[in-house]
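Undergrad: the following comprises the amino acid sequence and a computationally predicted model.
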Amino acid sequence: MIPEPLALEALLARDRVLPLFTPDAPDVARARLAALRSAGLGAAELTARAPGVAATFAALHAEFPELLLGAGTVLSAADAHAFMDAGAAFLVSPCLVPQVAVAARERGVPYLPGAGTVGEYLQAREAGCGLVKLFPGEVLGPAFVRALRGPFPDARVIVTGGVEPTARGVGAWLGAGALAVGLGSQLFREAGGLEARVRVLRRDLRRLGP
């Protein structure tokens, strides 16, 4: 069963981090998801940048049914349907792709398009996207989130791109008003100890408070 949109938002509000990576090596992807699950996280984004990734996605979804797995870098309606058929609980794009927005809305799956300006954020909202990805984070900076929440105090945004996987790095964005952050290559740059790193990060974020 496809989770309701609020299920994803509630998980992100709880976890505050969304790990994301390309599952180009199924065994590596399986080990990473197992570590993230053991560390207590409830969602992850698998980016669609490798050949045959939809089939890999379906296999991982079947193996980790308790995780909300989303498909990232979705750029067409055809890919959107392929990943939703494979069990994607949400879809992510680097920018608003209207065809993907329509496909996701028709099937009741949350769609998180990327936005890098106030205008792009507004376009995403008008397309019916309750959650929006701010990208690239390293260019925008936490001050952009604070400024955005002036005219849009109810903005629910996830920041990706260059976020440091530490309490200080993540906390800067949460303190500015982001709902959560996406953690990519920097989280996975070390070969081992992923579960321990995530556990420490979650502990330190809890100490920072809401």
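TA: All right, it came through fine. Numbering: from 1, shown residues only.

Undergrad: can we go C-alpha only for contacts and neighbour counts from here?
TA: Noted.

Undergrad: in contact with the nearest residue to residue 57 once chain neighbours are set aside, which residues?
TA: Counting by C-alpha to C-alpha, 6 or more residues apart in numbering, residue 86 is the residue found nearest to residue 57 once chain neighbours are left out, at 6.4 Å. Neighbour list for residue 86: 54, 55, 57, 58, 61 [criterion: C-alpha atoms under 8 Å, 6 or more residues apart in numbering].

Undergrad: shouldn't the fourth one be in contact with residue 87?
TA: Yes: at 6.3 Å, residue 58 counts as touching residue 87 under the criterion of C-alpha atoms under 8 Å.

Undergrad: quick one, which of those two is more surrounded?
TA: The neighbour count for residue 58 versus residue 87, taken as other C-alpha atoms under 10 Å, is higher for residue 87 (23 against 19).

Undergrad: and the more buried one, what's its pLDDT?
TA: Predicted confidence (pLDDT) for residue 87: 97.

Undergrad: use 5 as the first number for this chain going forward.
TA: Sure, I'll start numbering at 5, so the last one becomes residue 91.

Undergrad: who's in contact with it?
TA: Counted by C-alpha under 8 Å, 6+ apart, residue 91 has contacts 6, 61, 62, 65, 73.

Undergrad: then residue 169?
TA: 187, 190, 191, 205.

Undergrad: switch to 6 Å and redo it
TA: residue 191 (C-alpha atoms under 6 Å, 6 or more residues apart in numbering).

Undergrad: on the three-state scheme, it is what?
TA: coil (DSSP: H, G, I helix; E, B strand; the rest coil).

Undergrad: and the helix or strand bottoming out on mean pLDDT in the chain, which residues are buried?
TA: Every helix and strand in the chain was compared by mean pLDDT, DSSP states H and E; the lowest is helix 9-19, with a mean of 85. Neighbour counts over helix 9-19 (16 or more other C-alpha atoms under 10 Å) mark 9, 12, 13, 15, 16, 18, 19 as buried.

Undergrad: now the third one, nearest residue through space, not along the chain?
TA: When you say that, I think you mean residue 13. Leaving aside its sequence neighbours, residue 13 sits nearest to residue 135 (C-alpha to C-alpha, 6+ apart; 7.8 Å).
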